[in-house]
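Got a sequence here, can you build the structure:
(2 chains)
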Number of protein chains: 2
Amino acid sequence: MKIALAQLNYHVGNFEANTNKIIYAIKEARQNGADMVVFSELCICGYPPRDFLGFTEFIDLCENAAKQIAAACTDIACIIGLPTVNSFPEGKDLFNSAYFIENGAVKAVVNKALLPNYDVFDEYRYFEPGNEFTCIDFKEHRIALTICEDLWNNIDDPLYRTRPMDVLIEQQPDLMINIAASPFAINHDQERMKVLSYNAKKYEIPLFYVNHVGAQTELIFDGGSMVYDAKGQIVDELDYFKEQLTYYDIEKTGIKEVSVKAGQPLTPDVSRMSKIEQIHQALILGIRDYFKKSGFSKAILGLSGGIDSAVVCVLASEALGAENVMSVLLPSAFSTDHSIKDAEDLVSNLGCMSQTVAIKTITNAFESALEPQFAGLPFNITEENIQSRSRAVILMAMCNKFGYILLNTSNKSEAAVGYGTLYGDMCGGISVLGDVYKTQVYELANHLNREREIIPQNSIVKPPSAELRPDQKDSDSLPDYEILDQILKQYIELRKSSASIIAAGFEETIVKKVIRLVNISEHKRYQTPPTLRVSAKAFGMGRRMPIVGKYLL
Amino acid sequence: MKIALAQLNYHVGNFEANTNKIIYAIKEARQNGADMVVFSELCICGYPPRDFLGFTEFIDLCENAAKQIAAACTDIACIIGLPTVNSFPEGKDLFNSAYFIENGAVKAVVNKALLPNYDVFDEYRYFEPGNEFTCIDFKEHRIALTICEDLWNNIDDPLYRTRPMDVLIEQQPDLMINIAASPFAINHDQERMKVLSYNAKKYEIPLFYVNHVGAQTELIFDGGSMVYDAKGQIVDELDYFKEQLTYYDIEKTGIKEVSVKAGQPLTPDVSRMSKIEQIHQALILGIRDYFKKSGFSKAILGLSGGIDSAVVCVLASEALGAENVMSVLLPSAFSTDHSIKDAEDLVSNLGCMSQTVAIKTITNAFESALEPQFAGLPFNITEENIQSRSRAVILMAMCNKFGYILLNTSNKSEAAVGYGTLYGDMCGGISVLGDVYKTQVYELANHLNREREIIPQNSIVKPPSAELRPDQKDSDSLPDYEILDQILKQYIELRKSSASIIAAGFEETIVKKVIRLVNISEHKRYQTPPTLRVSAKAFGMGRRMPIVGKYLL
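Residues are numbered from 1 along each chain as shown, chains lettered A, B, ... in the order given. You can find the predicted model right below:
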């Protein structure tokens, strides 16, 4: 039997595009002699469909798309993912299902049993867990088909009470197929490989795993679909961050001895892609798909001469083409000459568009208008914020006039401690670096410069500053980023208490200050743009903190 | 037996305040001769604790608070709600539990079995469903104790596969207690009474129901704790939107014949409180608790002379005291004289603070600065947005300088269709009217004027306008609000398709335009402030739509 794995980039709710793409792959797989082509979880509607699932019409459109796909699926079989109606009287109204389609008809339906409902996942909001497990017979094979999380309960601290494969294995399948929607996060690929290998080894049959690729707002799907043999050894690994259709010949030589032959040479192992290159690729894909799927092509950003906006400008130019990136220098009375020069050097290195709009007359106008109210009061964070917000008004005006989307350039460290101005530098359609700590931004800048100096070295080595008052430095009010980022990781990603972070060797006053800053900034982060997610715990939909809550303040 | 119901206002994560409040109520109940005092669901940590639950330290603090409460609970019993650790190896790490405490010790633990995970609820994100059901014996009574949703599966389309009371009733309890955290929404009180009455009648024993009161950011808990007799008749109903501690004598005259005597006269039935008065009370409580629980006391808002900001100004003055409300008139070149006069009249009627800051020099400064970029291009929405954003910069500057929180004044109709400027009039710490349709805003304005004219009649009767260009009217670009609001309700609250809304008699072009406007505004709503929730489907945490999704565009 020849099996094809289709690792494709879908668009949530875009039934026409998704259906066409699936049908195209079916035709191509058939031309290449495949017996079956496997698509990923909820491929018909895209992942995550979120509250679209609450519309009956949306579910009908999924079913219609499945009918079109079934009609096109002759002389070949396929597996597709879609939401389906739960016809039992009790439980939620939907299942997260897979259809096994053969010669134009749905021959089997599998319902996902383990529904992730942590971090960015909300599946239990919509779906009833499946509770019937039956293998699918096709040609000379018996297939145990599961959906993503269904294979993920094999850990020391199991999150669920059931294990679908423990039931399915009783029916003596000779191969496993798992269709997934598993988003990228640093180190998640390692975890995924461990889990897949564990399953293949435990059940002693080969495993075909098909993931999404492409970004849906903040979630970036990295692909990396995989094939494991019955010993838990990796046979093939599809590309990361790219669409791909690959083929495998399966020979049956006896029960539990199905061998898997790769149809083409092994693709490069992800271990050869460095972590920083993974982040780089993820962010490029995240930017590109955000624009493409929103129907926009041109980005705008404020260029300060600092490292964050420089990195975003390079990433955007790579994702969209430098000709589609407008960088705007917005100098104030406190902008230093070297910052303006660093920004200009970057523009010339990249070849993106650039404009300069000085904000001095504007901030003066605000200060004059507010003179009666502010008379006699000293310059403070108010006037700093006026500068930042004046820049945002200009950038948004250019968006409105010319159809750009504004890219937010805040990094995760400053987003964490609230070191940014709401409705000022915290504006934007999408946050590019909001899940990248400042120390990682440096790493990324050096990585982007690995072949030639694109980002001026000066932007990388100078002490970071918001330049909102004379001689301001980030280090005036924050600990060094090397310390700050470690504390933030302990608190945000590992959810440690201040006591245990202090016990790990960090200074008490600094730890308490940092945690306090994180907590009192929840109201600001609530109103920030969606953030491209590259870590296991990004701000946004995956981290839901109370706003008026008092814990740890 | 004398039972006390404690309907209290907790603060999420504020262990000190919550614990003190609970202990105080225990002492008072004991002094009044109660045998047991019942608190509401998760009262120790407040509801909803959200991702605070992911911190081990937070759970430890809950347990510590429970110990303090137990120590204070001598010569009386109490029921409290808190998260507890699931000690079974499988399943999620926590339960949503109730402790039955008697004479200083925890005598029984009940775990919530039905975990709401729809709309604003995320309980399955944190909790494992309870699956053991045992009644509690206390004095001469056998109590079936359940937690909120546990009683809510008795409907035609059950959401869950189990019914805890069906198991508990086998043990022949003679009364039910249900502790809840059930937020306010228009008509939800009627639904709640139906469900409680149904349960009392079905199981033929009295039911004591204790709810939260008070707001936690967007969620407003309305109280309305209740007592039903074994026939499903209401015996008593606690106040709405107020803290209360009430007492009931229970006499045992035989199994299934426990009678309930109210300890005081019946409180007014909610049916006597009009729906608009419920919304009024809910919003007052929402504003007051947002400020109090954030540690702020003073509000600021932009006053346009229109109805929305006028209504917010009245509500804020009622919630915080007019002396704590700063209204700012921000006239532009397009502001009409009558609008300025209407705003001034409101200020004088209310006695709140007021300032005027003209924005003309500021918008001129923006237009001059952008002259090189915008030369030759016509005035359009860009310049309208500059006005709106300039106002936001001024309001935020006053917040930063003086410690106000900005109140957002957008209504639900305009938030729905994106008729507002991101980082402009969509700014604020909390949205007061974001879940109140424009037609309801009119109703609310008339209600606020029921005793005397506070809001100038002219603000109510004039055609609504954003006044961002000459002679602009909302009706230039939107259908009449009577039509718009009906379409929005069909789409947002009932999740109807355009086809079925058209079939219900609305004009096709209008329906399609409205739905398109709602869909293309998701990215704007994503960045707006939390919205006080008064309907069954508010924007924010209870409505999670894709941003780059394409469905129905």
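
For chain B, what's the nearest residue on the stretch 51-200 of chain A?
Residue of the stretch 51-200 of chain A nearest chain B, by Cβ to the nearest Cβ: residue A:57 (3.6 Å). The C-beta positions use only the backbone N, C-alpha and C, and glycine is treated the same way.

Now that residue: which helix or strand?
Element membership for residue A:57 (DSSP states H and E) is helix A:56-72.

Off-centre distance for stretch A:174-185?
17 Å (Cα atoms, centre = their mean, to the nearest Å).

if we can go back for a sec, buried residues, the helix holding residue A:57. List them.
Using 16 or more other Cβ atoms under 10 Å in any protein chain shown as the burial criterion, the residues of helix A:56-72 that qualify are A:57-59, A:61-62, A:65-66, A:68-70, A:72.

what do you get for stretch A:69-82?
For stretch A:69-82, the buried set under the neighbour-count rule, 16+ other Cβ under 10 Å, comprises A:69-70, A:72-73, A:76-82.

Of these, just say which sits nearest to residue B:277.
When those are compared for distance to residue B:277, the smallest value, 46.1 Å, is given by residue A:82; criterion: Cβ to Cβ.

so what's the backbone phi/psi at the closest one?
Taking degrees, to the nearest 10, you get phi -160, psi 160 for the backbone angles of residue A:82.

before we move on, what about residue A:415?
Its backbone dihedrals place residue A:415 at phi -60, psi -40, with angles given as degrees, to the nearest 10.

That one is in contact with residue A:428, isn't it?
No. Here residue A:415 does not reach residue A:428: they are 11.6 Å apart, not a contact under Cβ atoms under 8 Å.

Quick check: the two most widely separated of the buried residues of stretch A:69-82?
Maximum pairwise distance among these (Cβ to Cβ): 18.4 Å, between A:76 and A:82.

Would you confirm that residue A:206 contacts residue A:227?
Yes. With contact defined as Cβ under 8 Å, residue A:206 reaches residue A:227; the gap is 6.9 Å.

average pLDDT for stretch A:95-102?
For stretch A:95-102, the mean pLDDT works out to 98.

Please list the residues outside it that contact it.
Identification of contacts with stretch A:95-102 by Cβ atoms under 8 Å, 6 or more residues apart in numbering or on different chains yields A:41-42, A:66, A:69-70, A:73, A:77-86, A:106-112, A:115, A:123, A:126-128, A:130, A:136, A:138, A:143, A:145, A:147, A:179.

Name the nearest residue to residue A:336, sequence neighbours excluded.
Leaving aside its sequence neighbours, residue A:336 sits nearest to residue A:467 (Cβ to Cβ, 6 or more residues apart in numbering or on different chains; 6.5 Å).

Wait, that neighbour touches residue A:339, no?
Yes. Between residue A:467 and residue A:339 there is a contact at 6.3 Å, judged by Cβ under 8 Å.

anything in contact with each of the two?
By the contact definition Cβ under 8 Å, 6+ apart, residue A:467 and residue A:339 are jointly contacted by A:304, A:306.

All the helices of the stretch 151-300 of chain A, in order from the start?
A:164-168, A:188-203, A:275-294 (DSSP state H, counting those that start in this stretch).

Domain parsing of chain A, as residue ranges.
In terms of domains, chain A is parsed into A:2-265, A:276-470 (source: automatic domain parsing).

Need the pLDDT of residue A:308.
According to the per-residue confidence, residue A:308 scores 97 in pLDDT.

Hmm, it is touching residue A:410, no?
Yes. Counting by Cβ under 8 Å, residue A:308 sits close enough to residue A:410 to count as a contact (7.0 Å).

higher neighbour count, those two?
Shown here are residue A:308 and residue A:410; by other Cβ atoms under 10 Å in any protein chain shown, residue A:410 has more neighbours (28 against 24).

so who does that one touch?
Residues in contact with residue A:410 (Cβ under 8 Å, 6+ apart) are A:308, A:420, A:425-426, A:431, A:433-434, A:528.

Please list which of those are also close to chain B.
Of the entries in the contacts of residue A:410, those that also sit close to chain B under the rule Cβ under 8 Å from any Cβ of the partner chain are residue A:528.

can you list the contacts of residue A:410 in CSV and add secondary structure?
Rendered in CSV, the data for these read as follows (DSSP: H, G, I helix; E, B strand; the rest coil):
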residue, secondary structure
A:308, helix
A:420, coil
A:425, coil
A:426, coil
A:431, strand
A:433, coil
A:434, coil
A:528, coil
